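K.L.:
Next comes the sequence, and after it the predicted model I'd like to discuss.
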Amino acid sequence: MHPRNITALLHDIVAAGIAWCLAYWLRFNFDIPPLFFHAMVETVGPVIVIQAVAFVLFGLYRGLWRYASLTDLQRILLAVGVAALAVPTVALLAEARGLVPRSVYFLDPILLLLMMGGSRFGYRAWKEHQLYGKSVMRGDPVAVIGAGEAGAALVRELQRSDRFRVVALFDDQPQLAGQLVHGVRVAGPISTVKEYAARTEVRRAIVAMPSASAGTRRRAVEAAQQAGLDVMTVPALEDIVSGRVAISQVRHVELEDLLGRDPVELDTAGIAGLIAGRTVLVTGAGGSIGSELCRQILRHGPRELVLFEANEYALYRITEEFASWAAAAPIHGTARVVPMIGDVKDAARVRAVFEKFRPSMVFHAAAYKHVPLMEEDNAWEAVRNNVLGTFQVASAALQFGAAEFVLISTDKAVNPTNVMGATKRLAEMVCQSLAESSAPAASHCRFVTVRFGNVLGSAGSVIPKFKEQIARGGPVTVTHPHIERYFMSIPEAAQLVLQAGCMGNGGEIFVLDMGEPIKIADLARDMIRLSGFGDDDIKVVFTGLRPGEKLYEELLADDERTLRTRHPKIRIAVQRESGGPDWRERLLGEIHGRAPPDEQAVRHWLLQWVPEYRPDTGCPDASDDAASKTTAERTDERAPRPAAVQR
């Protein structure tokens, strides 16, 4: 053992001897008869040996006294308890029962427990006072919102730091009011933060509620903001539990903290069974969703991960990230990561990559997704990339024996009003057509589509744009005061895509539960406040709906319905059959042919292939009158949100 542990063992041996003798003295009121005094001296040695063996067996010398905790106390209790049973048993076998009064057997373990536990916790208290005692009155005064386990752990951690000085706790649990947590009083419910801040020097609050719902955290943040406090929060619960960060590593509140969703429960065994030991290919591997998919896939132990990406810098960046993973944590470095530059529209390149690696599973995340960019001069490129590119990858997966193909789609594909949404709907239909034509084959590929809304912080989303506008001093531009969108985090989206990928039989469109829609104007105001500004400091300016933009997004088309799956956050959209191989061949033939002369012709062409498409600019030959209405008229029609959108 380490010399420090030998010292601890010697301490406990001495404590065991003192406890045994003290038990005799207490039994006889400090006047031990000679006969029993000699019995005490004769028995103390064997008792110490028995108890010392129990101490070692129960691992009392694996930790440091400086970090003595309830776990150490439990070990002491077990060791002393076992020794308390062993000592009278040995005395009985040695026929020494009459020399040891029965009360000694009860007094000894109690005294020994007090001496061993007290010395350890006394040493810890002394050591912490030596190390941190002077920092108790240092640092900025701060209020902690949340007096649960996370709040208590945060208070203890901050007491060792001179950065912050916790002066009060706030929690809505009535039984905690007025109680002390590591010496800090629970001042009252969260609603009293403003009153407390008005009469004290505290100017900062830390929300320590990592396991609470997003609504509860939002209410706590709003209460602190209304009190004029600078609001911070603790790391996410999964980061704390995994040990990646300490609870004391507080940070400023981000929008994701307020819009956070319940943790995703995954069929980890099912996903690992789908991915482990196989070759997986991800298109668009350098994008927001594609890169997160790759991170999640690597955690499930593939044999090989092929990153297919057209953007050289994005591919370089994600490859370097995985190289650092392999160096820091070999468990993630067992898979071979292969970066491949390529365009999904390039049939020869796609086939060459599939022929070389023959992936068992394909995730197709490559797409043009920015609505305004694809609406005008780039409309035909959206058709070629999103429809033709999907077909090239999907047909290669079918040709070279992939078992699963997962298409990443969007809620904008439902009743689309823009080119991007219409092209993604066509991509869904192409995959459905391939699924129907490949189903009779002996080794057919399962084609699965996963449809979800916006992800927080993805490239091209409103959140990075709002951050830039706030950094410039505003204004923050929002298209319409009533516009709403569904949001989920990038990791959650990737996790549910993997989950859906191992659930499908082929041909399904899985719809992810996006929760409740969020008004973009409220999103902008939240970001302004979280940046430390008031509504008067940075204004929100409404610029009007852009071409192709809806006030709200849907997750299911009108003629679709959903079926439950075994996962509460995933449903299946049951829809009409596709047009079959002939339909697909005619579609691809027209895409391969001459491009329409302008974006108006592209919209007219899309109307012929996507019946539910309602373009946002007039199309003279459209069958539906709505297609030729002005933007203002359509805005008025869409302004009231339906009472219930089918989900």
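P.N.:
Sure, I can see it. This one's a predicted model, so the numbers in the text were calculated from it and none came from an experiment.

K.L.:
all contacts plus neighbour counts: C-alpha atoms, from now on.
P.N.:
OK.

K.L.:
Just confirm residue 409 is within a strand.
P.N.:
Yes: the assignment for residue 409, made by DSSP: H, G, I helix; E, B strand; the rest coil, places it in a strand.

K.L.:
Please shift the residue numbers so they start at 416 in all later answers.
P.N.:
Right, with 416 as the first residue, what we last looked at is residue 824.

K.L.:
which sections of the stretch 566-715 of the chain are below the confidence cut-off?
P.N.:
For the stretch 566-715 of the chain, residues meeting the criterion pLDDT under 70 lie at 651-664, 669-683.

K.L.:
just so I have it, where are all the helices in it?
P.N.:
If DSSP state H, counting those that start in this stretch is used as the criterion, the helices of the stretch 566-715 of the chain fall at 608-613, 629-641, 652-657, 670-673, 683-690, 703-713.

K.L.:
Quickly compare those and say which is most buried.
P.N.:
Stretch with highest mean neighbour count among those: helix 703-713 (a mean of 22; mean count of other Cα atoms under 10 Å).

K.L.:
Touching it from outside, list them.
P.N.:
For helix 703-713, the external contacting residues (Cα atoms under 8 Å, 6 or more residues apart in numbering) are 690, 697-700, 720, 733, 747, 750, 780-781, 873-874, 905-906, 908-910, 913.

K.L.:
how big is the angle separating that helix from helix 683-690?
P.N.:
Orientation of helix 703-713 against helix 683-690 (axes from the mean of the first three to the mean of the last three Cα atoms, to 10 degrees) gives an angle of 100 degrees.

K.L.:
And residue 642, how far from residue 566?
P.N.:
According to Cα to Cα, to the nearest Å, residue 642 stands 20 Å off from residue 566.

K.L.:
which one of those two has more residues nearby?
P.N.:
A direct count of neighbours by other Cα atoms under 10 Å for residue 642 and residue 566 places residue 566 higher, at 24 against 20.

K.L.:
Now do the more buried one against residue 812, distance only.
P.N.:
Noted for residue 566: a distance of 51 Å to residue 812, by Cα to Cα.

K.L.:
Residue 834 too?
P.N.:
Residue 834 is 26 Å from residue 812, by Cα to Cα.

K.L.:
What of residue 527?
P.N.:
Separation of residue 527 from residue 812 (Cα to Cα): 71 Å.

K.L.:
And the two? Which one has more around it.
P.N.:
Each of residue 527 and residue 812 has its neighbours counted (other Cα under 10 Å); residue 812 has more, 28 against 24.

K.L.:
which other helices and strands contact the stretch of helix or strand that one belongs to?
P.N.:
According to DSSP states H and E, residue 812 maps onto helix 804-814. Counting contacts by 3 or more Cα pairs under 8 Å, 6 or more residues apart in numbering; DSSP states H and E, helix 804-814 packs against helix 762-772, strand 776-779, helix 834-853.

K.L.:
Please dump the ones you listed into JSON lines; it should also carry mean neighbour count and distance to residue 433 for every row.
P.N.:
Shown next, in JSON lines, are the helices and strands packed on helix 804-814 (neighbours: other Cα atoms under 10 Å; distance: least, Cα to Cα, whole Å):
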{"stretch": "helix 762-772", "mean neighbour count": "16", "distance to residue 433": "73"}
{"stretch": "strand 776-779", "mean neighbour count": "25", "distance to residue 433": "69"}
{"stretch": "helix 834-853", "mean neighbour count": "25", "distance to residue 433": "80"}
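
K.L.:
And these: which comes nearest residue 460?
P.N.:
In terms of Cα to Cα, the element of these nearest to residue 460 is strand 776-779, at 69.1 Å.

K.L.:
Point me to the helix or strand that includes the residue nearest to residue 469 when sequence neighbours are not counted.
P.N.:
Distance criterion Cα to Cα, 6 or more residues apart in numbering; nearest residue to residue 469, sequence neighbours excluded, is residue 494 at 5.3 Å. Assigned by DSSP H and E, residue 494 belongs to helix 485-508.

K.L.:
So which residues make contact with that helix?
P.N.:
Residues from elsewhere that reach helix 485-508 (Cα under 8 Å, 6+ apart): 462, 465-466, 469-470, 472-475, 512, 520-521, 523-524, 527-528, 531-532.

K.L.:
Farthest from the middle of the chain: give me that residue.
P.N.:
Farthest-out residue of the chain from its mean C-alpha position, per Cα atoms, centre = their mean: residue 449, at 70.4 Å.

K.L.:
The helices and strands packed on helix 804-814: which one's closest to residue 429?
P.N.:
strand 776-779 (65.5 Å).

K.L.:
May I see the domains of the protein written out as residue ranges?
P.N.:
418-547, 551-668, 683-1053 (automatic domain parsing).

K.L.:
roughly how far apart are residue 442 and residue 455?
P.N.:
For residue 442, the distance to residue 455 equals 12 Å [Cα to Cα].

K.L.:
How many residues are close by residue 862?
P.N.:
31.

K.L.:
SS state for it?
P.N.:
State at residue 862, reduced to three classes by three-state DSSP: strand.

K.L.:
re the thing from before, what does the model give the residue nearest to residue 469 for pLDDT?
P.N.:
Confidence at residue 494, expressed as pLDDT, is 87.

K.L.:
before we move on, back to that, wait, which of the helices and strands packed on helix 804-814 is closest to residue 901?
P.N.:
Judged by Cα to Cα, the one of the helices and strands packed on helix 804-814 that comes nearest to residue 901 is helix 834-853, at 15.2 Å.

K.L.:
packing partners for that closest one?
P.N.:
Using 3+ Cα pairs under 8 Å, 6+ apart, helix 834-853 sits against helix 786-790, helix 794-798, helix 804-814, strand 819-825, strand 861-867, helix 995-1007, helix 1014-1024.

K.L.:
doesn't residue 988 make contact with residue 924?
P.N.:
Yes: between residue 924 and residue 988 there is a contact at 5.4 Å, judged by Cα atoms under 8 Å.

K.L.:
Looking at those two, which one has more neighbours?
P.N.:
Comparing residue 924 with residue 988 by other Cα under 10 Å, the one with more neighbours is residue 924, at 28 against 23.

K.L.:
wait, residue 902 sits on residue 877?
P.N.:
No: between residue 902 and residue 877 there is no contact under Cα under 8 Å: 11.1 Å.

K.L.:
With neighbour numbers in mind, choose between these two.
P.N.:
More crowded of residue 902 and residue 877, by other Cα under 10 Å: residue 902, with 23 against 18.

K.L.:
Let me know the pLDDT of that one.
P.N.:
pLDDT, read off for residue 902, is 73.

K.L.:
give me the beta-bridge partners of it?
P.N.:
Judged by DSSP bridges, the bridge partners of residue 902 are residue 869.
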